[in-house]
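Enquirer: fold the following.
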Amino acid sequence: MPAHDNIGKTREMFAAFKQGDLDGVMVHVADEIEHLVPTLGQLPWGGRFAGRGAFRERLETLEAHFSIDEFDQQHFMQDGAVVAVVSMLSCTLKKNGQQVSVMEFVQLLTFNDAGKCLRISEVYDATAILAAWQK
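Expert: This next block holds a predicted model:
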């Protein structure tokens, strides 16, 4: 699949996720997907998730920890096989009802030659989320 289709695939993945359509997300994911999420040693939804099963399980368990109030993609940028997505995220932690906003939630998605997402790395300042989690 040509690299120029990767932004389109990324947009499809985000649209499916926001609709709760995990099968729609998984259709774009490689068998050997790797997902890296900040943990700060305390956030239970963070860590390294390797393989389709672990990736899907992580997506399925997100709702156990928080509800997403707003998740708006502001920018999509591509450099070869890598697509960077900058989003604004606002969520409510189910543990304690704390509301948190992350103004620049960055995800880097790497695609293989077949047009499947091979790696997702999340990069954001988790300070506010950790402070809310500790309350």
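Enquirer: tell me the spacing between residue 98 and residue 133.
Expert: Distance check for residue 98 against residue 133: by C-beta to C-beta, to the nearest Å, it reads 8 Å. The C-beta positions use only the backbone N, C-alpha and C, and glycine is treated the same way.
Enquirer: ok, the two, which is more surrounded?
Expert: Using other C-beta atoms under 10 Å, the more surrounded residue of residue 98 and residue 133 is residue 133, with 20 against 17.
Enquirer: identify the residues contacting the more buried one.
Expert: Contacts for residue 133 (C-beta atoms under 8 Å, 6 or more residues apart in numbering) come out as 42-43, 93, 95-96, 98.
Enquirer: one more time with 7 Å
Expert: 42-43, 93, 95 (C-beta atoms under 7 Å, 6 or more residues apart in numbering).
Enquirer: okay, these in CSV with neighbour count and secondary structure next?
Expert: Shown next, in CSV, are these (neighbours: other C-beta atoms under 10 Å; DSSP: H, G, I helix; E, B strand; the rest coil):
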residue, neighbour count, secondary structure
42, 11, coil
43, 15, coil
93, 16, strand
95, 14, coil
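Enquirer: widest-spaced pair of these?
Expert: 42 and 93 (12.3 Å; C-beta to C-beta).
Enquirer: nearest residue to residue 84 other than its sequence neighbours?
Expert: residue 77 (4.5 Å; C-beta to C-beta, 6 or more residues apart in numbering).
Enquirer: what helices or strands is the one helix or strand that neighbour maps to leaning on?
Expert: Assessed by DSSP states H and E, residue 77 sits inside strand 66-79. Helices and strands touching strand 66-79, as assessed by 3 or more C-beta pairs under 7 Å, 6 or more residues apart in numbering; DSSP states H and E, comprise helix 6-18, strand 82-93.
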